[in-house]
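>>> Turn this into a model:
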Amino acid sequence: MDDVMQQPLLRERLYRRERRSVPAAREFVRTTAVGWGLDARLDDLLLCTSELATNALVHGVPPGRGYRVRLWLHGDGILRLEVHDSGDGRPAVREPDEESGRGLLLVTALADKWGVGGRAPGKVVWCEFGVTP
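Numbering: from 1, shown residues only. Just a heads-up that it's a prediction; the model follows:
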């Protein structure tokens, strides 16, 4: 029996509160996932990155602050995307209107799991995907 514990791969990057940070976050996630040999669910992962980063930017990042995007690849085949922000509130799936409200509906449909965790200050919104490198 192999007693060696496999550590997860971890990459993270900080972004400023500016619109161009969302495409930059997508590119960071794309480059990281492809570098880890994960491309089977790449489109779903990138769309979830866009939605969570946009939500952080619009609802969770106070002026003068930023947000963090973190990717974890666990040895058990789970890829976790986290978006950390310092804003108040707890995101929830809601009924969309004509202009907004579809982000977490998309994350719910595409990711295997998602949720919200606390941090001081703010929150972490995360989603997970079963992947095979």
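>>> Residue 121 touches residue 86, doesn't it?
Yes - under the criterion of C-beta atoms under 8 Å, residue 121 lies in contact with residue 86, with a separation of 4.6 Å. Just so you know, the C-beta spots here come from the backbone N, C-alpha and C atoms, and that holds for glycine as well.
>>> Return the mean pLDDT over the helix or strand hosting residue 24, rounded to an integer.
Under the criterion DSSP states H and E, the helix or strand holding residue 24 is helix 21-35. Mean pLDDT, computed over helix 21-35, is 97.
>>> Against which helices or strands is that helix packed?
Based on contacts counted as 3 or more C-beta pairs under 8 Å, 6 or more residues apart in numbering; DSSP states H and E, the elements that helix 21-35 packs against are strand 9-16, helix 42-55, strand 66-73.
>>> before we move on, back to that, residue 121 and residue 86 - which one has more neighbours?
More neighbours sit around residue 86 than around the other of residue 121 and residue 86, counting by other C-beta atoms under 10 Å; the figures are 17 against 11.
>>> coming back round to it: dump the helices and strands packed on helix 21-35 into CSV; add mean neighbour count and distance to residue 91 as well.
Formatted as CSV, the entries for the helices and strands packed on helix 21-35 read as follows, by neighbours: other C-beta atoms under 10 Å; distance: least, C-beta to C-beta, whole Å:
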stretch, mean neighbour count, distance to residue 91
strand 9-16, 14, 18
helix 42-55, 21, 6
strand 66-73, 20, 13
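>>> Could you say which one of these comes nearest to residue 92?
Evaluated over the helices and strands packed on helix 21-35, closeness to residue 92 peaks at helix 42-55, with 11.0 Å, by C-beta to C-beta.
>>> Mean pLDDT per helix and strand in the chain: which one sits at the bottom?
When the helices and strands of the chain are compared on mean pLDDT, DSSP states H and E, helix 103-110 comes out lowest with a mean of 92.
>>> That helix - contacts with which helices or strands?
With contacts defined as 3+ C-beta pairs under 8 Å, 6+ apart, the secondary structure elements packing on helix 103-110 are helix 42-55, strand 113-118.
>>> Show me what the following helix or strand past the last one is packed against.
On the C-terminal side of strand 113-118, the nearest following helix or strand under DSSP H and E is strand 123-130. The helices and strands touching strand 123-130, judged by 3+ C-beta pairs under 8 Å, 6+ apart, are helix 42-55, strand 78-85, strand 113-118.
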